[in-house]
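Student: From the sequence below, what's the structure:
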Amino acid sequence: MSSTSKLPYVPLESNKTDIRLLTVLPSISSEATIQCSLENASLDSLDGDQPYRALSYVWGDPKVTIPIMVSGVQMNVTTNLAAALRHVRAIGYIDKPWWIDAICINQDDIAEKGHQVHIMGDIYRNADEVLAWLG
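Tutor: Model prediction:
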């Protein structure tokens, strides 16, 4: 997974249950570039006030990518993730934010990746729904 420009990730507090959530923005065209926004949140404060979904998927070939826009910055994601995002946008599953590992975890920050993997069970357990996307 690579990005054309570095996403301006707001650091997560590693001693807490901070995560990032991705909001997929609507589009009138199914072929339009996927537009999203990314915000920090805390599992400790996520209850009925801010429900979210989690996406479990097969990453696919990291060398075959499609650009999407995240908080105004172009990011390349695998074709399988782009297909999943197009699908959730098309069926209207954009009413809640998403936790998606490839985007919500700063893949260039090894310490953050380690901490997020450590709390991944909590992330999936606290999600309102988990979508498994096989492609």
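
Student: From here on, just use CA atoms for contacts and neighbour counts.
Tutor: OK.

Student: Quick one: residues contacting the most centrally placed residue in the chain.
Tutor: Centroid-nearest residue in the chain: residue 100, 3.0 Å away (criterion: Cα atoms, centre = their mean). By Cα atoms under 8 Å, 6 or more residues apart in numbering, residue 100 lies in contact with 21, 22, 54, 55, 56.

Student: try it again with 10 Å
Tutor: The neighbours of residue 100, taking Cα atoms under 10 Å, 6 or more residues apart in numbering as the test, are 20, 21, 22, 53, 54, 55, 56, 57, 81.

Student: Could I have the ChimeraX command that selects the buried members from those residues?
Tutor: Per 16 or more other Cα atoms under 10 Å, the buried members of the contacts of residue 100 correspond to this ChimeraX selection:
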select :20,21,22,53,54,55,56,57,81
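
Student: Now go through the contacts of residue 100 and say which are in strands.
Tutor: Taking DSSP state E as the definition of strands, the contacts of residue 100 contribute 20, 21, 22, 53, 54, 55, 56, 57.

Student: Serialize those residues to CSV and add fields for pLDDT and distance to residue 75.
Tutor: Supplementary listing: the ones in strands among the contacts of residue 100 in CSV, determined by pLDDT from 0 to 100; distance: Cα to Cα, whole Å:
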residue, pLDDT, distance to residue 75
20, 96, 16
21, 97, 16
22, 97, 13
53, 97, 21
54, 97, 19
55, 97, 18
56, 95, 19
57, 92, 18
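
Student: In JSON lines, list the residues you listed along with distance to residue 65.
Tutor: Output for those, formatted as JSON lines (distance: Cα to Cα, whole Å):
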{"residue": "20", "distance to residue 65": "22"}
{"residue": "21", "distance to residue 65": "21"}
{"residue": "22", "distance to residue 65": "19"}
{"residue": "53", "distance to residue 65": "23"}
{"residue": "54", "distance to residue 65": "21"}
{"residue": "55", "distance to residue 65": "18"}
{"residue": "56", "distance to residue 65": "18"}
{"residue": "57", "distance to residue 65": "15"}
